[in-house]
Structure formats: structure tokens, C-alpha cells
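**Student:** below are the sequence and a predicted model; questions follow.
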Amino acid sequence: MTKEIEATMEMFANACQYLHENSDKKLKNYVAMQALMYGKVREKFQLSAQTTIHSIRRVCSNRKTSITNNIKK
């Protein structure tokens, strides 16, 4: 894997962690989260628009899955 891809993957993971820690834990709707967090995440992590959207969707999806599977965080 190239260093550029590795750096992007690391920033993606950091963005996901940031989103999870800095948003309402009950927020699972990616459109609502996007409205609240997109600009902050894009600026803070310097991700592309598409990667920023994917990080938001990943966090929301993981939250829905943990509720479905009764996983407590």
C-alpha cells in the first residue's frame, strides 16, 4: 500500500473516531449528522468530500448495527 493511501485511511479512521466522540450518541441518521458535522470534519481532517461522507455514513451505520445487536458502548 502506498503511503498516501495509508495516510488517507488513518485520517478516515481518525475522522470516524472524532465523529463518534463529538456527536450525540443517539444520532444515527447520516443526513442529519452530515448537516451538523460535515464542515467541521472536512476542515479538521482535510479529507475529500466523498471520504468525509463515507466517514459520516460509517459512524451512523455502526451505531444502527450496535442498536440492532444490543451492543452497548
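**Tutor:** Sure, I can see it.
**Student:** show me what the mean pLDDT comes to for stretch 19-39.
**Tutor:** Mean per-residue pLDDT for stretch 19-39: 96.
**Student:** first-to-last residue distance for that stretch?
**Tutor:** End-to-end span of stretch 19-39 (C-alpha to C-alpha, to the nearest Å): 12 Å.
**Student:** the helix or strand encompassing Arg57: how far from the chain's middle?
**Tutor:** Here Arg57, judged by DSSP states H and E, is contained in helix 49-68. Distance of helix 49-68 from the chain centroid (C-alpha atoms, centre = their mean, to the nearest Å) equals 6 Å.
**Student:** check which residues of it are buried.
**Tutor:** Neighbour-count burial for helix 49-68 flags Thr51, Thr52, Ile53, His54, Ser55, Ile56, Arg58, Val59, Cys60, Arg63 (criterion: 16 or more other C-beta atoms under 10 Å). To be clear about C-beta, it is placed using only N, CA and C from the backbone, and glycine gets the same treatment.
**Student:** so how far is Ala32 from the third one?
**Tutor:** Plainly put, Ile53 is 13 Å away from Ala32 if you go by C-beta to C-beta, to the nearest Å.
**Student:** ok, the fourth one next?
**Tutor:** His54 sits 17 Å away from Ala32 when distances are taken as C-beta to C-beta.
**Student:** which residues sit against the helix or strand where Glu4 lies?
**Tutor:** Using DSSP H and E, Glu4 maps to helix 3-21. Under the contact criterion C-beta atoms under 8 Å, 6 or more residues apart in numbering, helix 3-21 has outside partners 33, 37, 41, 44-47, 51-52, 54-56, 58-59, 62.
**Student:** give the contact list for Asn62.
**Tutor:** His20.
**Student:** hang on, the earlier thing: most widely separated two among the contacts of helix 3-21?
**Tutor:** Across the contacts of helix 3-21, no pair lies farther apart than Gln46 and Asn62, at 22.8 Å, counting by C-beta to C-beta.
**Student:** after the helix holding Glu4, next one along is what?
**Tutor:** Counting by DSSP H and E, what follows helix 3-21 is helix 30-45.
**Student:** of the buried residues of helix 49-68, the lowest pLDDT goes to which?
**Tutor:** Lowest pLDDT among those: Arg63, 94.
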